[in-house]
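S.K.: coordinates only, sequence not included:
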Ligand code: SAH
């Protein structure tokens, strides 16, 4: 089963972008997932191909029009399409590894990338869009956020990650941040690899990693505990 991503954007040239390389790029070529970037402007109806207008009530910036966006969404995702419709938005629910896993287990996603001040609220309601945020900061557009979301999803698709085990031991998968990593050389600028890691005692190593994980999470992300 192929994960099908349809991205609605004013900048289709931004896709696949970084996702055309490395793991995601190889998976795209192999057909593990597919990506179509749809130009929202193609659904404008006037001579100037207008997609935005001034905000009702006044104020700075422009707002993306509900009628144009609805046409684009209905084209990308006709009735009966089982894929969730996402709107990248700083007002959305913060993206979590749990939601990423759910998306990766599904048929794909239709992703609307905002620009300017955002999109007309009536579009969000009328098309049942799920607002998703990638963090408490403001990007200039939804495209980098969509790339972030798709990167996180695609690496979980069957066959994409070489070593499937490494996915399960990652930060957040067990509700904790991951322990520190080390590799050769044994000594770097006077710093040694922690003794326990070269002891060969797997039980002790697992206990050390668990303890480091808990310590780090307590220090940096107590909200996760
Ligand atoms: N005026 C809006 C911000 C608009 S930023 C506000 O204050 O809430 C323009 C577009 O960038 C948004 O429509 C959204 O699609 C995208 N964007 C910006 N920050 C984002 C974030 N943290 N997560 C997801 N999308 C974001």
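M.R.: Cool, the structure landed. Please read these numbers as outputs of a predicted model, since none were measured by experiment.

S.K.: confidence score at the residue lying closest to residue 3 once chain neighbours are set aside?
M.R.: Spatial nearest neighbour of residue 3, excluding adjacent residues (CB to CB, 6 or more residues apart in numbering): residue 33 at 4.2 Å. For every residue, glycine as well, the C-beta is placed using N, CA and C. Here, the pLDDT recorded for residue 33 equals 98.

S.K.: hang on, residue 33 packs against residue 154?
M.R.: Yes. Taking contacts as CB atoms under 8 Å, residue 33 lies within contact range of residue 154: 5.5 Å.

S.K.: so which residue of this structure comes closest to the ligand?
M.R.: Across the chain, no residue is closer to the ligand than residue 114, which sits at 2.1 Å (CB to the nearest ligand atom).

S.K.: gap between stretch 214-225 and the chain center?
M.R.: How far stretch 214-225 lies from its chain's middle: 23 Å, per CA atoms, centre = their mean, to the nearest Å.

S.K.: now do the end-to-end distance for that stretch.
M.R.: Stretch 214-225 has its terminal residues 9 Å apart, counting by CA to CA, to the nearest Å.

S.K.: and that stretch, what's buried?
M.R.: Buried residues in stretch 214-225, defined by neighbour count with 16 or more other CB atoms under 10 Å: 216-217.

S.K.: what is in contact with residue 33 and residue 154 at once?
M.R.: Residues touching both residue 33 and residue 154 (CB atoms under 8 Å, 6 or more residues apart in numbering) are 3, 24, 27.

S.K.: over to the first one: give its phi and psi.
M.R.: In this entry, residue 3 is assigned phi and psi values of phi -80, psi 120 (degrees, to the nearest 10).

S.K.: repeat for the second one
M.R.: Torsion angles at residue 24 (phi, psi; degrees, to the nearest 10) stand at phi -60, psi -40.

S.K.: related to what we said a few turns ago, ok, the residue of the chain closest to the ligand - how many residues close by?
M.R.: Number of residues near residue 114 (other CB atoms under 10 Å) recorded here: 24.

S.K.: point to the residue nearest the middle of the chain.
M.R.: The centroid of the chain falls nearest to residue 149 when counting by CA atoms, centre = their mean (0.8 Å).

S.K.: on the three-state scheme, that one is what?
M.R.: Classification of residue 149 using DSSP: H, G, I helix; E, B strand; the rest coil returns helix.

S.K.: for it, give me the pLDDT.
M.R.: Looking at residue 149, its pLDDT reads 98.

S.K.: near the ligand, anything from stretch 88-102?
M.R.: Yes. Against the ligand, stretch 88-102 shows contacts by CB under 6 Å from any ligand atom at 88-91.
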